[in-house]
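Visitor: following is a predicted model, sequence given first.
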Amino acid sequence: MKSIKNHLSLVIALLSILFSLQVFIIVDRSIDSYKENLATTYSVVVVSNKRLDDKAIISSNKIISEVSALTPDGVIERLNTGMTKKNMELLKLTLPKFYKIKLTHYPTPKEIESLTKNLLKNRSITKVENFSHNHDTTYKLLLLFKTVISVFSVSMFVVTILLIFKELKIWQFKHNERMSIMGLFGAPTWLRSAVLFRLSIVDALIASALAFGLFAYISSSAWVLEQFNYIGIKIVIFDPLYDFLLLLGVSVFLSIMLASMIVLGHKEEV
Amino acid sequence: MDKVIIADNLSLSYSNNETIINKVNFSINSGSFIFITGASGSGKSTLLKSMYGALKPKEGSLVVGGVELRGVSGSKLNFLRKHIGIVFQDYKLVKEWTIEKNIMLPLIINGYEKTVTQNQVDSLLKHVRLKHQAGKYPLELSGGEQQRVAMARALSHNPILILADEPTGNLDDYSSQLIWNLLEGANTQLKTTVIVVTHHIPETMNIEYKHFHIEYGSIHEVN
């Protein structure tokens, strides 16, 4: 029972670090996926007094992926109150040309500004409508969300590291006596600290396995999948190979660091 | 005769810089049995600590088993300690290990084979009359039994030198006699040098021994 309790304290600390790390990864993936969604619906409208060459527009800025002309037929239809066909054609010629520009990804405010400037260099283009106000609001919301989650993850990480340091003191006290006794009989450092490293690696493996179970469950939970579908995001919540290896690596690294600090801080009793 | 310990103008002090042992000179022949006595706080345990390198000489030189302990490196000290058996007044057993594993410790450190280790531990457990307690943990044993385990551990790897710090200080007569018999046996049969720090030399000693007394930081041989 005592041994389980000893293991639990480090396992829980490691598990909370792994939890905050994976949550951060999920949020990052969600934001990227949401940006992709926004990119498909977001477009810039260009008004020109001449017909434009699509290739010329695409080459004016690298984030432009597609240009399509907006036909004025609908507007002219509404204006058609007994106009002759000839007059209609004449009207069509005098109307400005509208183009819808699709982008490769959801742009940053800077990219929008640069895109607008590049397009306006073309003398035929009289106006660029980039819906910057709407864009800015959405983009800032995304950034705010990401920052909040980052701050949450970092603070959870810091608190857990502090917990681990407290655990380190307990471990130091617990293992000091054994390490000192072994040292009195000439045990080299690696042998004195072998138990400590074995314990910490076992704890790291337990924490990683628990994190794997937890996120495997979350990623297959119908309720969680429904929430992601509801906001139109399709992401890998937990990659059983890549994410697990990352969590395992972080957990083993932290526990080995903890054990190394105890070994380095060990002082022989006099 | 070979000298197992040579102290030359040896001074010892703890971190508060108060000198406990002051410029002492002595040597101990290999295979001898030595008692070191002195009043409480005279520095006899401090001197013993310096012999296994837990306290480095402040001044002078201390050579144990051919290793100069002043400024000794960690690996050389480990090498020396592998050939020393130490018995402490407070036993210093690893509480979370069985007594069998505690006795095995020096054998594991010295890289003995598993079968040799097991045979040696079995034989020692028989010698210290604790065969039936092999799987128990130190805190399940009495003080006398714990000291017998510590004694078995000190003898397990056939060391060249045994250092014992008041080994019978808190023990009953039966355990004390058993400890003295084991120390005598190690000295006479295995030719192990034995140095014992104690308040009283037992009257039942059947072997030849030397007696050093520490007073006011100096050491002198008592005839």
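Guide: On my side now, so go ahead.

Visitor: the lengthiest helix in chain A and chain B in contact?
Guide: Counting by DSSP state H, the longest helix found in chain A is helix A:132-184. Yes - Helix A:132-184 is in contact with chain B by Cβ under 8 Å from any Cβ of the partner chain, via A:177, A:178, A:180, A:181, A:182, A:183, A:184. All C-beta atoms are positioned from the backbone trio N, CA, C, and that covers glycine.

Visitor: which strand residues bridge the residue positioned nearest the centre of chain B?
Guide: When Cα atoms, centre = their mean is applied to chain B, the residue found nearest the centroid is residue B:163 (1.7 Å). Residue B:163 has these beta-bridge partners by DSSP bridges: residue B:86, residue B:195.

Visitor: contacts only, for it.
Guide: By Cβ atoms under 8 Å, 6 or more residues apart in numbering or on different chains, the residues touching residue B:163 are B:48, B:51, B:52, B:84, B:85, B:86, B:87, B:195.

Visitor: please apply the same query to residue A:33.
Guide: For residue A:33, the contacting residues are A:233, A:234, A:235, by Cβ under 8 Å, 6+ apart.

Visitor: so how many other residues sit close to residue 204?
Guide: The chain I'm using is chain A. Residue A:204 has 26 neighbouring residues, counting by other Cβ atoms under 10 Å in any protein chain shown.

Visitor: wait, chain B was what I had in mind.
Guide: The local packing of residue B:204 (other Cβ under 10 Å) involves 10 other residues.

Visitor: how about the contacts made by it?
Guide: Residues near residue B:204 by Cβ under 8 Å, 6+ apart: B:177, B:180.

Visitor: ok, residue B:201 next?
Guide: Here residue B:201 is in contact with B:35, B:37, B:209, B:211 (criterion: Cβ under 8 Å, 6+ apart).

Visitor: got it, and residue A:45?
Guide: Contacts of residue A:45 (Cβ under 8 Å, 6+ apart): A:70, A:98, A:99, A:100, A:101, A:128, A:129.

Visitor: ok, residue A:267 next?
Guide: Here residue A:267 is in contact with residue A:176 (criterion: Cβ under 8 Å, 6+ apart).

Visitor: now with 10 Å?
Guide: Neighbour list for residue A:267: A:172, A:176, A:179, A:180 [criterion: Cβ atoms under 10 Å, 6 or more residues apart in numbering or on different chains].

Visitor: now swap in residue A:225 and tell me
Guide: A:218, A:219, A:234, A:237.

Visitor: out of those, which is most surrounded?
Guide: residue A:237 leads the contacts of residue A:225 on contacts (other Cβ under 10 Å) with 19 neighbours.

Visitor: ok, and the closest non-adjacent residue to residue B:11?
Guide: Excluding the flanking residues, the one nearest residue B:11 by Cβ to Cβ, 6 or more residues apart in numbering or on different chains is residue B:59, at 3.9 Å.

Visitor: with residue A:111 instead?
Guide: residue A:63 (5.8 Å).

Visitor: show me the shaky parts of chain B.
Guide: Along chain B, segments meeting pLDDT under 70 span B:1.

Visitor: now with 90, please.
Guide: Low-confidence segments of chain B (pLDDT under 90): B:1-2, B:14-19, B:41, B:71, B:89, B:169-175, B:199-207, B:216-217, B:222-223.

Visitor: pull the number of nearby residues for residue A:84.
Guide: Counted with other Cβ under 10 Å, residue A:84 comes out at 8.

Visitor: check residue A:258 too.
Guide: Applying other Cβ under 10 Å, I find that residue A:258 has 24 neighbouring residues.

Visitor: can you verify it is assigned to a helix?
Guide: Yes - using DSSP: H, G, I helix; E, B strand; the rest coil, the assignment for residue A:258 is a helix.

Visitor: residue contacts, it?
Guide: A:10, A:13-14, A:161, A:164-165, A:167-168, A:171, A:196-197, A:200, A:203-204.

Visitor: can you pull the pLDDT of it?
Guide: Predicted confidence (pLDDT) at residue A:258: the value is 83.

Visitor: so which bits of the helix ranked longest in chain B are buried?
Guide: In chain B, with assignment by DSSP H, the single longest helix is helix B:173-189. Buried residues in helix B:173-189, counting neighbours by 16 or more other Cβ atoms under 10 Å in any protein chain shown, are found at B:175, B:176, B:178, B:179, B:180, B:182, B:183, B:184, B:186, B:187.

Visitor: so what's the fourth one up against?
Guide: Residue B:179 sits next to B:87, B:128, B:144, B:147-148, B:150-151, B:164, B:167-168, B:171, B:196, B:202 when contact means Cβ under 10 Å, 6+ apart.
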